[in-house]
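Peer 1: let's see this in three dimensions:
(chains A and B)
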Amino acid sequence: MLLSLEPRGQQSRAMLWLSPLLAALLTLASGSLLFALLGHDPLDTLHTLLVAPLADWYGVSELLVKALPILLCALGLAVAYQARIWNIGAEGQLLLGALAGSAMALQLLDWDSRWALLWVVAAGTAAGAAWAGLSAWLRTVFNANEILTSIMLNYIALNLLLFFVHGPLKDPAGFNFPESAMFGDASRLPLLGDDGRLHAGLYLALLTLAAVWVLLHRSFLGFQIKVLGLDRRAAGFVGFREKRLVWFALLLSGALAGLAGVGEVAGPIGQLVPQVSPGYGYAAITVAFLGRLNPLGILAASLLMALLYLGGEHAQMAMNLPQAITQLFQGLMLFFLLACDVLILYRPRLQLNWGRRSALKQVVA
Amino acid sequence: MSSSTPAARLQLSAISKRYPGCLANDRIDLSIAAGEIRALLGENGAGKSTLMKIIYGVTQPDSGELRWQGRAVTMRDPAMARGLGIGMVFQHFSLFETLTVAQNIALALGARAGSPKRLEAQIREVAQRYGMALEPGRLVHSLSIGERQRVEIVRCLMQDIRLLILDEPTSVLTPQEADELFVTLRRLAAEGCSILFISHKLGEVRALCHSATVLRGGRVSGHCLPAACSDLELARLMVGDAESLHGSYPKASGGAEFLQVDRLSWANADPFGTALRGIELSVRSGEIVGIAGVAGNGQDELLALLSGEQPLPRKEAASIRFAGRPVAHLRPDARRKLGLAFVPAERLGHGAVPDLSLSDNALLSAFGQGLVSHGLIQRGKVRAFAEEIIRRFAVKAPDAETPARSLSGGNLQKFILGREILQQPRLLVAAHPTWGVDVGAAAAIHRALIALRDAGAAILVISEDLDELLQISDRVAALCGGRLSPLVASAQTSPAAVGRWMAGQFAATPMNTPAVAAAQS
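Peer 2: The predicted model follows:
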């Protein structure tokens, strides 16, 4: 028996939608196998991981809190990836957004007006954009690969954040803990509802979702971005400005990652801490592809990814499973999705006939 | 199989292949003997490419049988076809642009390629034996279309080959080069290699091929001996009705000059490109100017400078003018606003985005036609525009949402040309407008160009098909080595005279050809 792949000639619409489902099923199946091998009851573990966290409103609101930064980062990445600009630096852009937002908030500790929040959010967004702008500058002027520059800038951003939180921005009254002072109320994103940590960042995220959808599916700018990604020569032939589009895509994805970062410190956390992000910027890469670079798909994928984060914490507490479970599931999911995506363009074919192959060998000889 | 008669090299029986929406091949029978040169004729969409792909193992037939030297085989993939001794030169080349000629050939040969040094010597030897100049160390992206095709042909000849399939091989060659290729092919056939030759040029088929099979609408519509058939008979087999195919068009003299190119020189940074030197050119409104020349003599560079893909510094702005206005420093979109429309040489990947729908591809260059308002795409208008192109230019496509990739070469070319013409340009620059396009579509494209000319547009056609240029253009010139010959009225010149220009002999006056011919000999 031999399994071979045959080109379909055109995309299979059915597989376009079935592939993520198939990938999810395969992830669950291999996850169960893993749990069984580790001596846990698979169904029980999956329940703890994926269902139990959503048992009450608090769980749902926590899910949304975790989904927001992932969603914002992934929306920005989707725009860049449509142009085939591989910004891997959402994590660094997010951290820098958090850092700049915190620095601004600490300057405005005694403001009472709501303008403080605006300044904080603007500072974080601008810092994220500027951080991505470095990659754009290196790429458009020196033709430096944005994958490398944006990854390297992630580490610089992380160390900048650590430097500031251990140094200049450390709370003088904080018993030498590496944390900033708590922000003033005027600089915090207002909470939605009485219990839980869900905050007004939700509105920002939904607004961004709509805006990115319009950009990618209705606007001429989005069309230019798509053409640039699909066919650079065709874009040049009609005069689309490649450099401007590269700048735009990177600045936008950086700005949204920065917004995600400042949303974390001004939202659920309320101060600058070293662990602003458990890798949201990296998870967003998976989410952007899982959602097929489509804003609505990304919404669904970011909720799923947030569930994995939440479930990972839950399983850690309830069943003493290691935190790495979350990353393992993320990895499995991306792996299976990419594997299943092959079926969009190729059709599997089982060849049961060995006889033909040997006949063929005679012909060749 | 105990056969007393010698088995055919390749025999197809009742091959059928269905694609979503069309039956590309419908019970096709075809048999090729050893050493036979067989022509495969047919319009775009007649199923030639599909049949080729089946023989070469790119796709599998839904039904039918394929016998190779008497044995039934299932052609699983091109590697297997190559293993059996089948070589193919595609119309769309399959070369890695960032690799050298030798590396590309080594990839196809696999382990048999041997050491790079020996391979390069072999390539030189094969190229020389068959009269095709080719430098193994050059990078493919720096080669012209014609040169890339040579790589493809040489790549096939490097292996022990028993059936060579050529998909429109002569469309990028000068008449002399085509004759040289025919010598090569005849020699190969005499050595016992079978050749399947796809072409739209009926004269070539008659000169080269022993026999011809004609496809129409996915079926075999007839077999014939090309030597015994007239062009009209062949064309009728291909399209059914061949009346309006060979028009001769009245010449025009045009009005005021629209495009003026004045001492245009450009030093190409690419070491394998061509530098342009002192190009002088003018195109009047209401005339067609044709520029002949063999690929790689500066056509690509001239096109990039005219379209604006390669803008010049501001101080050289006046070297290209539209109606007196300096434009050489402007980018493509700014030039479009001034009335330029442009049809690039490569359809997929340059003139159209393969993965986008026809609708989106209509928007690609026509965005200035009120299809975008306040930065938002007017989907309804775009669709209507795409449908108008499809209707007015008889593009064979299911609907405007079909991806450009799935159209045959001629249909896509009609679409691209229609997209540019419907924008009512004041100047149309078209590169190789009928390259690889069948006779029916080529005639439609010619008629569209003439109609646009008669509506008062200035048209510049750059092509390697000299017959076509003389047929449709009012004045012609030739490019050679980055220099442009003088422009003359095409009614007063001859293929031979322009052919000498293509070889760089600009001193030869085209008016009195016999005298020149005598002087040359």
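
Peer 1: contacts and neighbour counts: CA atoms only from here.
Peer 2: Fine.

Peer 1: quick check, residue A:347 in a helix?
Peer 2: No - if the criterion is DSSP: H, G, I helix; E, B strand; the rest coil, then residue A:347 is strand and not within a helix.

Peer 1: residues near it, how many?
Peer 2: Residue A:347 has 16 neighbours, counted by other Cα atoms under 10 Å in any protein chain shown.

Peer 1: who's in contact with it?
Peer 2: In this structure, residue A:347 makes contact with A:5-8, judged by Cα atoms under 8 Å, 6 or more residues apart in numbering or on different chains.

Peer 1: for residue B:216, same thing?
Peer 2: B:42-43, B:46-47, B:237-239.

Peer 1: who's it bridged to?
Peer 2: residue B:219 (DSSP bridges).

Peer 1: for chain B, see how far away residue A:312 is.
Peer 2: 40 Å (Cα to the nearest Cα, to the nearest Å).

Peer 1: which residues touch that residue?
Peer 2: Counting by Cα under 8 Å, 6+ apart, residue A:312 makes contact with A:49, A:322-326.

Peer 1: mind running it again at 10 Å?
Peer 2: Residue A:312 sits next to A:48-50, A:53, A:306, A:318, A:321-329 when contact means Cα atoms under 10 Å, 6 or more residues apart in numbering or on different chains.

Peer 1: quick check: buried residues in the longest helix anywhere in chain A?
Peer 2: The longest helix of chain A (DSSP state H) is helix A:115-142. Residues A:116-117, A:119-137, A:139-140 are the ones in helix A:115-142 that count as buried (16 or more other Cα atoms under 10 Å in any protein chain shown).

Peer 1: got it, and stretch A:152-167?
Peer 2: Applying 16+ other Cα under 10 Å to stretch A:152-167 flags A:153-154, A:157-158, A:160-162, A:164-166 as buried.

Peer 1: tabulate these (JSON lines), appending pLDDT, secondary structure and distance to residue A:340.
Peer 2: Output for these, formatted as JSON lines (pLDDT from 0 to 100; DSSP: H, G, I helix; E, B strand; the rest coil; distance: Cα to Cα, whole Å):
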{"residue": "A:153", "pLDDT": "97", "secondary structure": "helix", "distance to residue A:340": "32"}
{"residue": "A:154", "pLDDT": "97", "secondary structure": "helix", "distance to residue A:340": "30"}
{"residue": "A:157", "pLDDT": "97", "secondary structure": "helix", "distance to residue A:340": "35"}
{"residue": "A:158", "pLDDT": "96", "secondary structure": "helix", "distance to residue A:340": "34"}
{"residue": "A:160", "pLDDT": "97", "secondary structure": "helix", "distance to residue A:340": "39"}
{"residue": "A:161", "pLDDT": "96", "secondary structure": "helix", "distance to residue A:340": "39"}
{"residue": "A:162", "pLDDT": "96", "secondary structure": "helix", "distance to residue A:340": "40"}
{"residue": "A:164", "pLDDT": "96", "secondary structure": "helix", "distance to residue A:340": "44"}
{"residue": "A:165", "pLDDT": "94", "secondary structure": "helix", "distance to residue A:340": "43"}
{"residue": "A:166", "pLDDT": "93", "secondary structure": "helix", "distance to residue A:340": "45"}
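
Peer 1: quick one: name the residues of the stretch 1-150 of chain B near chain A.
Peer 2: Residues of the stretch 1-150 of chain B found near chain A, taking Cα under 10 Å from any Cα of the partner chain as the criterion, are B:19-20, B:58-60, B:68-77, B:80-81, B:83-85.

Peer 1: what's near enough to touch residue A:88?
Peer 2: A:77, A:81, A:132, A:146-154, A:281-282, A:284-285.

Peer 1: again with residue B:298
Peer 2: B:144, B:268, B:273-277, B:304, B:479-484.

Peer 1: ok, now residue B:456?
Peer 2: B:254-255, B:284-287, B:424-427, B:450.

Peer 1: closest one of the residues you listed to residue B:8?
Peer 2: Set against residue B:8, the nearest of those by Cα to Cα is residue B:450 (46.8 Å).

Peer 1: what helix or strand does the closest one sit in?
Peer 2: Using DSSP states H and E, residue B:450 maps to helix B:439-454.

Peer 1: who does the helix or strand just after that helix pair up with?
Peer 2: Sequence-wise, the next helix or strand downstream of helix B:439-454 (DSSP H and E) is strand B:458-462. Sheet pairing of strand B:458-462 (DSSP bridges) gives strand B:288-292 (parallel), strand B:427-431 (parallel).

Peer 1: now the first one: buried residues?
Peer 2: Okay, so that is strand B:288-292. Within strand B:288-292, judged by 16+ other Cα under 10 Å, the buried ones are B:288-292.

Peer 1: and that strand, how far out from the chain's middle?
Peer 2: Here the centre of strand B:288-292 is set off from its chain's centre by 16 Å, with Cα atoms, centre = their mean, to the nearest Å.

Peer 1: ok, the last one next?
Peer 2: Going by Cα atoms, centre = their mean, the spacing between the C-alpha centre of strand B:427-431 and its chain's C-alpha centre is 16 Å.

Peer 1: now do it and helix B:439-454, the angle between them.
Peer 2: Between strand B:427-431 and helix B:439-454, the angle comes out at 160 degrees (axes from the mean of the first three to the mean of the last three Cα atoms, to 10 degrees).

Peer 1: send me strand B:427-431 as PDB with only the CA atoms.
Peer 2: What follows is strand B:427-431 as a C-alpha-only set of coordinates in PDB (Å, rounded to 0.1, in the frame of the first residue of the first chain):
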ATOM      1  CA  LEU B 427      -1.000  55.200 -25.500                       C
ATOM      2  CA  LEU B 428      -0.900  51.400 -25.300                       C
ATOM      3  CA  VAL B 429       2.400  49.600 -25.000                       C
ATOM      4  CA  ALA B 430       2.000  45.900 -25.600                       C
ATOM      5  CA  ALA B 431       4.800  43.300 -25.300                       C
END
